[in-house]
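Undergrad: could you look at this predicted model? Sequence included:
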Amino acid sequence: MKIAVIGCGYLGAVHAAAMASLGYDTLGVDVDEAKIERLRRGEPPFFEPGLPELLQQGVGAGTLRFTTDVSEVVGSDVIFIAVGTPQRAGSDAADLTYVDAAVESLLPHIGEGTLVAGKSTVPVGTAQRLAERIAPTGAALAWNPEFLREGFAVEDTLAPDRLVYGVADRDDASVARLDAVYAPILERGTDRLVVNFATAELVKVSANAFLATKISFINAMAELSETVGADVTQLADAIGLDARIGRRFLNAGLGFGGGCLPKDIRAFQARAAELGHGETLGFLREVDQINLRRRDRMVTLIDRELARLGGDRVAMLGLAFKPNSDDVRDSPALDVCRRLQEGGRVVRAFDPEAAETAGRAMPTLDIAGSIDEAIRDADVIALGTEWQQFRELDPSEVATRTGARVVIDGRNALDAKRWAAAGFTVIGLGRPEMAPAA
Ligand code: UGA
């Protein structure tokens, strides 16, 4: 089996490495020469646990190759499309430029017997349009959405919760081809659903919309908790014990960011409006607003504490949009830094993996080389991303390395009692403030 993957970003690079690890002759294609150069050396262009090993294994064995020359896809049995679909500038809709360009670039090189399988997240209706564009070549199209989470991308690709194939009516050949590709995964009993194009496209965006809604639901409860003196973390534990609700994705805090949930819920609303269903997804506007309000709240809390203390220096721990990632796209932590800095505060941040990406996204940000360096002169310590190393900090140690005695936990990830016992005022999002132990 010969596999090609167009697009070597978070999705494509992981998918290509995973395909090679299943024993297929795999080719990764991208227009970015520098990215391809790194991948050829077995180096991922971003931080993703487990990926370096998988890349080195594939590149070393010669089963995984990378190129900028799309004509090398000739002879592939399956060509996956894994390019980005970012938010369009000046609009909420998805920008399909890269998907369209990928398909156009393939047209001269595909024919009868080739399966083009889309993995990118696209507005409903895209697959049908692309299938018609491809049809004259004799190749077939399937839509095979991907549900991987950054930070767990390798695991999610090789051991997914489910596989979804969107295929044209009665296209049994494409189903059989995908079954052959995923045979090692299906053999472990993984659920596999065969649906039409529109369903496959909707499965992907509705899954992300549901997850975003779950996060904003608990963050709405956090807003209320702040007013009535409730503790949203206990509330989440209590409602999460109901198996129908479930505890996962009920972590209140700074809310969701990244390259997927924010732009996907916006693109989903924009597409629904085009289809005359603006009201149907109107609640997603609220989901977005609740999410963004948590960043306002964090900035307000930090400002309030600085005013009380007569200081202006903030140590921000964490810049990535979530732990185990160096991705700062739409990162709540970085957004808070930007707004504090715009408000004249002096921010010094630390992140174990995202220093480089954050530095590129916000060149004026002072990024420290260590936690100690970040907190040394701070008046207030803020937690923006719940990396394990921040969770494991010993607050009594921290107290010896900084004059700050206020910690604002934007992810409700620190053990508030321990921090209070070590002399800190602990302020969470949606939780009663905890005073330092006497
Ligand atoms: C998300 C989905 O979880 C994946 O299933 C999907 O494949 C992917 O988007 C995609 O469309 O490509 P990802 O963006 O990697 O994955 O990150 P998540 O783990 O979903 O986290 C998203 C954001 O929500 C993070 O900023 C995280 O901090 C935040 N979050 C998550 C919360 O604020 N609370 C929670 O309880 C969970």
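TA: Nice, thanks for sending it over. Numbers count the residues shown, from 1 in each chain.

Undergrad: so what's the residue nearest the centre of the chain up against?
TA: By C-alpha atoms, centre = their mean, the chain has its centre lying nearest to Gly258, at 4.5 Å. By C-beta atoms under 8 Å, 6 or more residues apart in numbering, the contact set of Gly258 is Glu150, Phe321, Lys322, Ser325, Asp327, Arg329, Asp330, Ser331. Every residue, glycine included, has its C-beta placed from N, CA and C.

Undergrad: same check on Gly278?
TA: By C-beta under 8 Å, 6+ apart, the neighbours of Gly278 are Gln269, Ala272.

Undergrad: now Ser370
TA: Contact analysis of Ser370 by C-beta under 8 Å, 6+ apart lists Phe350.

Undergrad: what does the pLDDT read for the residue nearest to the centre of the chain?
TA: We have a pLDDT of 97 for Gly258.

Undergrad: rewinding a little: make TSV out of the contacts of Gly258 and add distance to Arg308 and neighbour count.
TA: Formatted as TSV, those follow (distance: C-beta to C-beta, whole Å; neighbours: other C-beta atoms under 10 Å):
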residue	distance to Arg308	neighbour count
Glu150	37	25
Phe321	29	29
Lys322	30	21
Ser325	34	28
Asp327	34	25
Arg329	33	19
Asp330	30	17
Ser331	27	29
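
Undergrad: among those, which lie within strands?
TA: Per DSSP state E, strands hold no members of the contacts of Gly258.

Undergrad: the ligand next: which of these are close?
TA: Contacts with the ligand within these, as defined by C-beta under 6 Å from any ligand atom: Glu150, Phe321, Lys322.

Undergrad: any chance of JSON lines for those, columns distance to Gly428 and pLDDT?
TA: Formatted as JSON lines, these follow (distance: C-beta to C-beta, whole Å; pLDDT from 0 to 100):
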{"residue": "Glu150", "distance to Gly428": "25", "pLDDT": "94"}
{"residue": "Phe321", "distance to Gly428": "19", "pLDDT": "98"}
{"residue": "Lys322", "distance to Gly428": "18", "pLDDT": "97"}
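
Undergrad: ok, which stretches of this structure are strands?
TA: Going by DSSP E, the chain shows strands at 2-6, 25-29, 64-67, 78-81, 115-118, 140-143, 162-167, 191-195, 313-317, 346-350, 366-367, 380-383, 406-409, 425-428.

Undergrad: wait, which of those is closest to Tyr182?
TA: Nearest of those to Tyr182, taken as C-beta to C-beta: strand 162-167 at 5.7 Å.

Undergrad: so is the biggest helix by length in the chain next to the ligand?
TA: Longest helix of the chain, by residue count under DSSP state H: helix 197-228. Yes - using C-beta under 6 Å from any ligand atom, helix 197-228 comes into contact with the ligand via Asn208, Leu211, Ile215.

Undergrad: now, which of those sits nearest Ala61?
TA: Among the residues of helix 197-228 next to the ligand, and counting by C-beta to C-beta, the member closest to Ala61 is Asn208, at 34.4 Å.

Undergrad: pull the number of nearby residues for the closest one.
TA: Neighbourhood size, Asn208 [other C-beta atoms under 10 Å]: 22.

Undergrad: check Leu334 too.
TA: Counted with other C-beta under 10 Å, residues neighbouring Leu334 total 27.

Undergrad: pretty sure it sits against Arg360.
TA: No - using C-beta atoms under 8 Å, Leu334 is not in contact with Arg360, being 11.0 Å away.

Undergrad: please name the bridge partners of Val406.
TA: With DSSP bridges as the criterion, Val406 is bridged to Thr425.

Undergrad: count of residues packed around it?
TA: Other residues within reach of Val406 by the criterion other C-beta under 10 Å amount to 23.

Undergrad: is it true that it touches Gly423?
TA: No - using C-beta under 8 Å, Val406 is not in contact with Gly423, being 10.4 Å away.

Undergrad: point out the residues in this protein that sit beside the ligand.
TA: Residues of the chain found near the ligand (C-beta under 6 Å from any ligand atom) are 121, 146-150, 208, 211, 215, 249-251, 253, 255-258, 260-261, 321-322.

Undergrad: quick one on the thing from earlier: show me what the longest helix of the chain is packed against.
TA: Where contact means 3 or more C-beta pairs under 8 Å, 6 or more residues apart in numbering; DSSP states H and E, helix 197-228 is packed against helix 126-134, strand 140-143, strand 162-167, helix 232-240, helix 261-274, helix 283-309.

Undergrad: need the winner for burial among the ones you listed.
TA: Ranked by mean neighbour count under mean count of other C-beta atoms under 10 Å, those are led by strand 140-143, which reaches a mean of 26.

Undergrad: how far out from the middle of the chain is that one?
TA: Offset of strand 140-143 from its chain centre (C-alpha atoms, centre = their mean, to the nearest Å): 25 Å.

Undergrad: mind listing the strands that strand pairs with, and their directions?
TA: According to DSSP bridges, strand 140-143 forms sheet pairs with strand 115-118 (parallel), strand 162-167 (antiparallel).

Undergrad: could you report the distance from Ile371 to the ligand?
TA: With distances taken as C-beta to the nearest ligand atom, to the nearest Å, Ile371 is found 20 Å from the ligand.

Undergrad: alright, calling it a day.
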